[in-house]
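A.B. asks: Quick one: sequence plus predicted model below, questions after.
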Amino acid sequence: MSPYDAAMQKIRATNKETLSTPELLDALGSGVKAAVSEMNRDNQSRSDKLQTSIAKHQKALDEAFVRLDLMETNGGGTGSIAPTNREKLLPFAAGFMSNSLRRAVQAHEIDWDQLAEYRAAFASYLRLGPHSMPNSLHAAMQVGSDPDGGYWAPPELAERILSRLFDTSPMRQFASVQTMSTDHIEFPIDPNDAVSGGWVGETDERPETDTPKVGLQSIYAREQFAQPKITQKLLDDAGFDIETWLVNKIVRKLVRQENSAFVHGDGVAKPRGFLSYPVSADDDGSRPWGTLQYVPSGASGGFPAAADFDGLMDLQLSLKSEYLPNAVWAMRRSTAATLRKLKDTVNRSIWLDSLSELGRPILLGHRVVFFEDMPAIAPNSLSIAFGDFSHYGIFDHRVGVRILRDPLTAKGFVKFYTHKRVGGDVLGEGFDAVKLLRMSTN
């Protein structure tokens with residue numbers, strides 16, 4: 001019932017044909033007060049809803065601007081980076097600073113207008129090529145690239161590629177990953193423990209002891225590349241997020257290359273994998289440097305029997321105690337399928353799916369990691385590795401990821417030749433830190 005109807009009902013309730021002026025005013029006044037009160041409540045409700053809607057749309061707008069600042073092209077113009085969004089770009093902006101190794105930076109250290117112009121230049125570069133951009137964008141392109149402006153990529157794009165490589169590539173999750181600034185890096189190595197000595201009495205002669213031979217290990221930055229392509233028509237229309245598409249294509253290619261090289265790369269124009277080194281059944285005290293120890297499984301191409309996995313336990317206990325805390329099993333999934341079926345003499349599985357580590361598989365108390373580039377089970381194959389892979393070194397060149405736009409070699413398409421430089425090798429004592437299971441009798 002409306003306030004007016006309520007007022008009229010009150011008037012009729014007096015059972016009078018006519019009302020005096022004071023009575024009429026009193027009845028109408030009550031109705032007016034009720035109507036005003038209801039209008040105020042209705043207006044307040046509408047105002048609250050409006051404010052909620054404004055806040056919701058403002059949040060969506062802010063998120064859109066952040067996505068624009070982080071990923072999108074801003075229409076090929078110079079654009080700007082809002083002060084409220086700059087903090088989100090700080091982790092990437094360090095790479096934009098000259099000679100910076102991605103240290104933590106402060107907002108006042110960044111030329112945000114220059115960074116915004118540079119990012120917009122990259123968007124125009126992807127769509128139109130370097131010769132279609134205004135001179136101001138050409139100048140911006142020079143800032144984060146080689147002097148000729150041929151190879152380049154925004155630092156946040158390169159950072160996203162490297163971050164996804166780290167998350168996706170199994171070896172990067174467990175190896176020692178560092179940055180190098182030259183074409184190679186050198187480490188002193190002690191290839192043998194030739195120091196001798198002993199106990200002597202007070203007046204006994206002290207003869208000269210053996211001196212260890214110290215050498216240098218060199219690890220070179222090898223070039224890694226990917227070359228996704230897209231039609232010029234789609235680039236012109238730009239109806240999707242080009243950068244995200246480009247990152248996904250690049251990462252998938254680089255991960256396949258890296259995973260293979262870090263496991264069995266021969267070191268020629270690629271990193272050297274740990275399986276490329278010679279192996280021996282000798283233990284750590286008698287095996288020469290540069291040789292990995294293997295333990296036989298007890299049968300050619302497999303295990304002696306379903307309940308016989310002594311080879312796995314021998315392999316596990318061949319590792320020195322200092323490496324055990326960080327040790328993991330490395331194998332391909334087909335090998336894991338075989339191990340999941342192994343049971344002890346009382347029909348208990350030796351394979352567990354841990355509940356405490358997000359369901360990660362556990363074998364004899366240690367985590368299992370799937371390396372699809374490990375060999376499949378076959379006679380004399382080195383199908384399982386166990387150890388602390390932090391003694392394998394991965395060295396990314398500080399230049400990072402660079403991109404060359406090629407619209408000429410495939411008519412109607414634009415290729416994006418992307419490359420980075422990375423080195424990898426077993427470090428020093430790493431030949432004691434990783435052991436291999438060979439599917440053999442001895």
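C.D. replies: Okay, I see it.

A.B. asks: Burial check on residue 410, number of neighbours?
C.D. replies: 12 (other C-beta atoms under 10 Å). Placement of C-beta: from N, CA and C, glycine included.

A.B. asks: Just the strands from the stretch 301-442 of the chain, written as ranges.
C.D. replies: For the stretch 301-442 of the chain, the strands defined by DSSP state E, counting those that start in this stretch occupy 328-331, 351-353, 361-363, 366-370, 382-387, 392-397, 402-406, 413-426, 434-438.

A.B. asks: nearest to residue 248, of those strands?
C.D. replies: strand 413-426 (12.1 Å; C-beta to C-beta).

A.B. asks: re the thing from before, of the strands of the stretch 301-442 of the chain, which is nearest residue 232?
C.D. replies: Judging these by C-beta to C-beta, what sits closest to residue 232 is strand 413-426, at 5.6 Å.

A.B. asks: so which of the strands of the stretch 301-442 of the chain comes closest to residue 314?
C.D. replies: strand 434-438 (8.8 Å).

A.B. asks: ok so, going back, want to throw the strands of the stretch 301-442 of the chain into CSV with mean neighbour count, distance to residue 287 and mean pLDDT?
C.D. replies: Below are the strands of the stretch 301-442 of the chain laid out as CSV (neighbours: other C-beta atoms under 10 Å; distance: least, C-beta to C-beta, whole Å; pLDDT from 0 to 100):
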stretch, mean neighbour count, distance to residue 287, mean pLDDT
strand 328-331, 24, 20, 96
strand 351-353, 14, 30, 83
strand 361-363, 20, 25, 91
strand 366-370, 18, 23, 93
strand 382-387, 26, 14, 97
strand 392-397, 22, 18, 93
strand 402-406, 18, 41, 83
strand 413-426, 21, 13, 91
strand 434-438, 24, 11, 97
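
A.B. asks: Now do the SS call for residue 252.
C.D. replies: helix (DSSP: H, G, I helix; E, B strand; the rest coil).

A.B. asks: ok, now how distant is residue 53 from residue 46?
C.D. replies: Applying C-beta to C-beta, to the nearest Å, the value for residue 53 to residue 46 is 10 Å.

A.B. asks: ugh, wrong one, I meant residue 164
C.D. replies: In terms of C-beta to C-beta, residue 164 sits 47 Å off from residue 46.

A.B. asks: Looking at the two, which has the bigger crowd around it?
C.D. replies: Neighbour count, other C-beta under 10 Å: between residue 164 and residue 46, residue 164 has more, with 17 against 10.

A.B. asks: and the gap between that one and residue 398?
C.D. replies: 19 Å.

A.B. asks: where does the stretch 101-250 of the chain have low pLDDT?
C.D. replies: Under the criterion pLDDT under 70, the flagged ranges of the stretch 101-250 of the chain are 101-125, 128, 130-159, 190-196, 210-214, 238-241.

A.B. asks: what ranges do the helices span in the stretch 101-250 of the chain?
C.D. replies: 112-128, 135-143, 155-168, 170-174, 232-237, 242-264 (DSSP state H, counting those that start in this stretch).

A.B. asks: re earlier: now tabulate the strands of the stretch 301-442 of the chain in JSON lines and tack on distance to residue 232.
C.D. replies: What follows is the strands of the stretch 301-442 of the chain, written out as JSON lines (distance: least, C-beta to C-beta, whole Å):
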{"stretch": "strand 328-331", "distance to residue 232": "43"}
{"stretch": "strand 351-353", "distance to residue 232": "49"}
{"stretch": "strand 361-363", "distance to residue 232": "47"}
{"stretch": "strand 366-370", "distance to residue 232": "39"}
{"stretch": "strand 382-387", "distance to residue 232": "46"}
{"stretch": "strand 392-397", "distance to residue 232": "31"}
{"stretch": "strand 402-406", "distance to residue 232": "11"}
{"stretch": "strand 413-426", "distance to residue 232": "6"}
{"stretch": "strand 434-438", "distance to residue 232": "48"}
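
A.B. asks: what's the spacing between the closest residue to residue 253 other than its chain neighbours and residue 251?
C.D. replies: Using C-beta to C-beta, 6 or more residues apart in numbering and skipping residues adjacent in sequence, the residue nearest residue 253 is residue 226, 3.6 Å away. Distance, residue 226 to residue 251, by C-beta to C-beta: 8 Å.

A.B. asks: What is the burial count for the residue lying closest to residue 216 once chain neighbours are set aside?
C.D. replies: Distance criterion C-beta to C-beta, 6+ apart; nearest residue to residue 216, sequence neighbours excluded, is residue 186 at 5.0 Å. Applying other C-beta under 10 Å, we find 10 residues neighbouring residue 186.

A.B. asks: State the distance from residue 186 to residue 393.
C.D. replies: Residue 186 is 12 Å from residue 393, by C-beta to C-beta.

A.B. asks: if we can go back for a sec, hmm, the residue nearest to residue 216 is touching residue 217, no?
C.D. replies: Yes. Counting by C-beta atoms under 8 Å, residue 186 does reach residue 217; the two are 6.8 Å apart.

A.B. asks: Contacts made by stretch 327-345 with the rest, please.
C.D. replies: 170, 174, 302-303, 306-307, 309, 312, 316, 319, 349-351, 361, 363, 366-377, 383-389 (C-beta atoms under 8 Å, 6 or more residues apart in numbering).

A.B. asks: List the buried residues of it.
C.D. replies: For stretch 327-345, burial by neighbour count (16 or more other C-beta atoms under 10 Å) applies to 327, 328, 329, 330, 331, 332, 335, 336, 339, 340, 342.
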